[in-house]
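A.B. asks: need coordinates for the following:
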Amino acid sequence: MAIWIAVVFGLLAYYMDFGRLYAYGLLFAISEVLWGLFGNPIGPIAHTVSGIVILLIGLVLLTRFLRKYPLPGGDRGNDGQ
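C.D. replies: Numbers count the residues shown, from 1 in each chain. Predicted coordinates:
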């Protein structure tokens, strides 16, 4: 299963020209290997850690994007006045 995960993510990353997707695929493939080797106590923890790492990367990228491209108009609220 881990090989399929790595292959699918690798192909998607290649065809989409999205380098970070290689790392995501490798991260989930490693967590799948850990689940297969150690079973139930470690497997869900490994997948959870993988998901948290990917979520944190996404939040950092979102924060950088919002700092680079702030909303126009400053702090006017929802009424536009």
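
A.B. asks: just give the closest residue to the residue nearest in space to the middle of the chain, not the sequence neighbours.
C.D. replies: The residue lying closest to the centre of the chain (CA atoms, centre = their mean) is I54, at 2.9 Å. Using CB to CB, 6 or more residues apart in numbering and skipping the chain neighbours, the partner closest in space to I54 is Y24 (5.9 Å). For every residue, glycine as well, the C-beta is placed using N, CA and C.

A.B. asks: from the chain's centroid, how far away is whichever strand or helix holds the one you found?
C.D. replies: Here Y24, judged by DSSP states H and E, is contained in helix 20-38. Helix 20-38 sits 12 Å away from the centroid of its parent chain (CA atoms, centre = their mean, to the nearest Å).

A.B. asks: what does that helix contact?
C.D. replies: Helix 20-38 has contacts (CB atoms under 8 Å, 6 or more residues apart in numbering) with 1-3, 5-6, 8-10, 12-13, 42-44, 46-47, 49-50, 53-54, 57.

A.B. asks: at 7 Å instead, please
C.D. replies: 1-2, 5-6, 9-10, 12-13, 42-43, 46-47, 50, 53-54 (CB atoms under 7 Å, 6 or more residues apart in numbering).

A.B. asks: let's see it as CSV, backbone CA atoms only.
C.D. replies: As requested, the backbone C-alpha atoms of helix 20-38 are provided in CSV (Å, rounded to 0.1, in the frame of the first residue of the first chain):
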residue,chain,number,x,y,z
ARG,A,20,5.7,19.7,-2.4
LEU,A,21,3.4,16.8,-3.3
TYR,A,22,6.5,14.5,-3.5
ALA,A,23,7.1,15.2,0.2
TYR,A,24,3.5,14.7,1.1
GLY,A,25,3.4,11.3,-0.6
LEU,A,26,6.6,10.2,1.1
LEU,A,27,5.2,11.3,4.4
PHE,A,28,2.0,9.3,4.0
ALA,A,29,3.9,6.3,2.6
ILE,A,30,6.2,6.3,5.7
SER,A,31,3.2,6.5,8.0
GLU,A,32,1.6,3.6,6.1
VAL,A,33,4.7,1.5,6.6
LEU,A,34,4.8,2.3,10.3
TRP,A,35,1.1,1.2,10.5
GLY,A,36,2.0,-2.1,8.7
LEU,A,37,5.0,-2.8,10.9
PHE,A,38,3.8,-1.8,14.3
